[in-house]
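S.K.: only geometry, no sequence info:
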């Protein structure tokens, strides 16, 4: 299997609202088609469902309908920021510093969770359309976590050139 990426919740929301730019929508559909054909690997997390559950009941239905598009994509669980030490007591998870840095950097905690899950699952690309709270922090997120934030179109280009 070729390239891999983690998918952000905003892709589901964009599909539900119908507000994804035409070129990015085509790229997202192509990305999902390549996943179905086994050409690329995709991952999302339980954070997606948690975020959608917080949407007002008046608007949640279309979002949950679009989430069905992502049903076949494996969902990783966010890891904890503590863990048991060899002596059986809570100890500091080595990822705690990453978590703290991401929460300090990104304006929304769920965005930090998405990057954290991608990083701790060794997925080095996160596909999003979230300009306001994620994409504007590309360089800092990559420096902290090793996760490159990109749009669907950018991901397809990177996957096509084999990087």
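M.R.: That came through, no problem. Source: prediction; values computed, not measured.
S.K.: run through the helices of this structure in chain order.
M.R.: Using DSSP state H, the helices of the chain run over residues 9-17, 22-36, 46-53, 57-67, 96-105, 109-120, 138-145, 152-160.
S.K.: quick one: mean pLDDT over the fifth one.
M.R.: Averaging pLDDT along helix 96-105 yields 92.
S.K.: wait, what's in contact with residue 13?
M.R.: The neighbours of residue 13, taking CB atoms under 8 Å, 6 or more residues apart in numbering as the test, are 52, 63, 66. Yep, even glycine has a C-beta here, placed from its N, CA and C like the rest.
S.K.: the first one and residue 65 touch, don't they?
M.R.: In other words, residue 52. No: at 10.6 Å, residue 52 and residue 65 do not qualify as touching, with contact defined as CB atoms under 8 Å.
S.K.: among the two, which residue is more densely surrounded?
M.R.: residue 52 (18 against 12; other CB atoms under 10 Å).
S.K.: state the number of residues packed around the closest residue to that one other than its chain neighbours.
M.R.: Among residues not flanking residue 52 along the chain, residue 63 sits closest, at 5.0 Å (CB to CB, 6 or more residues apart in numbering). When neighbours are counted by other CB under 10 Å, residue 63 registers 19.
S.K.: check the spacing between residue 141 and residue 69 real quick.
M.R.: Using CB to CB, to the nearest Å, one obtains 25 Å as the distance from residue 141 to residue 69.
S.K.: when these two are compared, which one has more neighbours?
M.R.: residue 141 (25 against 15).
S.K.: rewinding a little: between the contacts of residue 13, which is nearest residue 137?
M.R.: Among the contacts of residue 13, residue 52 lies closest to residue 137 (CB to CB), at 22.8 Å.
S.K.: ok, now which ones touch the closest residue to residue 103 other than its chain neighbours?
M.R.: In space, residue 103 comes closest to residue 112 once its chain neighbours are excluded; the distance is 4.7 Å by CB to CB, 6+ apart. When contacts are counted by CB under 8 Å, 6+ apart, residue 112 touches 99, 102-103, 105-106.
S.K.: of those residues, closest to residue 17?
M.R.: residue 106 (21.7 Å).
S.K.: list phi and psi for the closest one.
M.R.: phi -90, psi 140 (degrees, to the nearest 10).
S.K.: thought it was touching residue 145?
M.R.: No: judged on CB under 8 Å, residue 106 makes no contact with residue 145 at a distance of 10.5 Å.
S.K.: residue 151: neighbour count?
M.R.: A count of nearby residues for residue 151, using other CB under 10 Å, gives 21.
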